[in-house]
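Engineer: Fold the following for me, if possible:
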Amino acid sequence: MIAMLEAVAIANPDAVAVESPGECLTYRALWHAVCRLRSKIESVEATDLPVAVLLPVGAAYVVAIFAVLAARRICLLLDHGYPDDRNAAIAAAAGVDMVLTPLGTGGEFAWPGVVRLGTDDAFDIAIPAIPPTHAPLALDEPAYILCTSGSTGLPKSIVHSQRTLLHWVRTVVDAMQHGLSPIVPRECVGDRSSRAHEQALSDIEGRYGDVRSVEEVIAALGG
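Structural biologist: Below you'll find the predicted structure:
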């Protein structure tokens, strides 16, 4: 995914890559921000432990995920709106040693043994954007971790590879290119929290396909 992002940034540097309320990043700006944050992550003692992303949905959130992958680390996606003790418990269970937050210059976080890094430097154009020189994570290596809501007990971690994510994206893109409208059964997909889940479904509904209930999908299929 990192090599793909770099290739798109070179081919279409001025195309819009990320849009959120009050924010807009071109592919060039996105790639440079990823490179800066990747360098910052790697400036800390190198480990292969997961890195937690504790950010509100927005441009920095996208940058953080790509930066963690560019640093050859696994990304643990946390909900910025959840209570601190819940996120701390999930982070401890995953064994993270670093958390990315909106601001901060580093130092130990409130969670024991976890270092905090701010993402603000990613957007500082005075800092050089140095591309990674090492090989990226293989497509089938663990890339990111999502957790269940924990409604039936403790949240359970689900590890996904880049290939899984790319397969989901390819399925939707292929359908659209063939003039088909992808249908997503609302109850059959999930995200790191109900709030993020609803935002993702809203994005799908607005740009990529139709979000319908399981009952509606079954009825449409003649079931």
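Engineer: make it CA atoms for all contacts and neighbour counts henceforth
Structural biologist: Fine.
Engineer: Excluding sequence neighbours, find me the nearest residue to the residue positioned nearest the centre of the chain.
Structural biologist: Residue closest to the average C-alpha location in the chain (C-alpha atoms, centre = their mean): residue 65, at 4.2 Å. Nearest residue to residue 65, sequence neighbours excluded (C-alpha to C-alpha, 6 or more residues apart in numbering): residue 75, at 6.5 Å.
Engineer: Can you tell me who that neighbour pairs with across the strands?
Structural biologist: residue 51, residue 144 (DSSP bridges).
Engineer: Mind pulling the model confidence for it?
Structural biologist: According to the prediction, residue 75 has pLDDT 92.
Engineer: which ones are touching it?
Structural biologist: Residues in contact with residue 75 (C-alpha atoms under 8 Å, 6 or more residues apart in numbering) are 50-53, 65, 68-69, 143-145.
Engineer: from memory residue 139 sits against residue 163, does it?
Structural biologist: Yes - between residue 139 and residue 163 there is a contact at 5.0 Å, judged by C-alpha atoms under 8 Å.
Engineer: Can you name the element that comes right after the helix or strand of the chain with the lowest mean pLDDT?
Structural biologist: None of the helices or strands of the chain scores lower by mean pLDDT, DSSP states H and E than helix 194-203, at a mean of 66. Counting by DSSP states H and E, the next helix or strand C-terminal to helix 194-203 is strand 210-212.
Engineer: Parallel or antiparallel, list what pairs with that next one.
Structural biologist: In the sheet, strand 210-212 lines up with strand 183-185 (parallel) (DSSP bridges).
Engineer: Now do the partner strand: distance to the chain's middle.
Structural biologist: How far strand 183-185 lies from its chain's middle: 21 Å, per C-alpha atoms, centre = their mean, to the nearest Å.
Engineer: and the host helix or strand of residue 65, what other elements does it pack with?
Structural biologist: Using DSSP H and E, residue 65 falls within helix 59-70. Other helices and strands packing on helix 59-70, by 3 or more C-alpha pairs under 8 Å, 6 or more residues apart in numbering; DSSP states H and E, are helix 2-11, strand 16-20, strand 23-26, helix 27-43, strand 51-53, strand 75-77.
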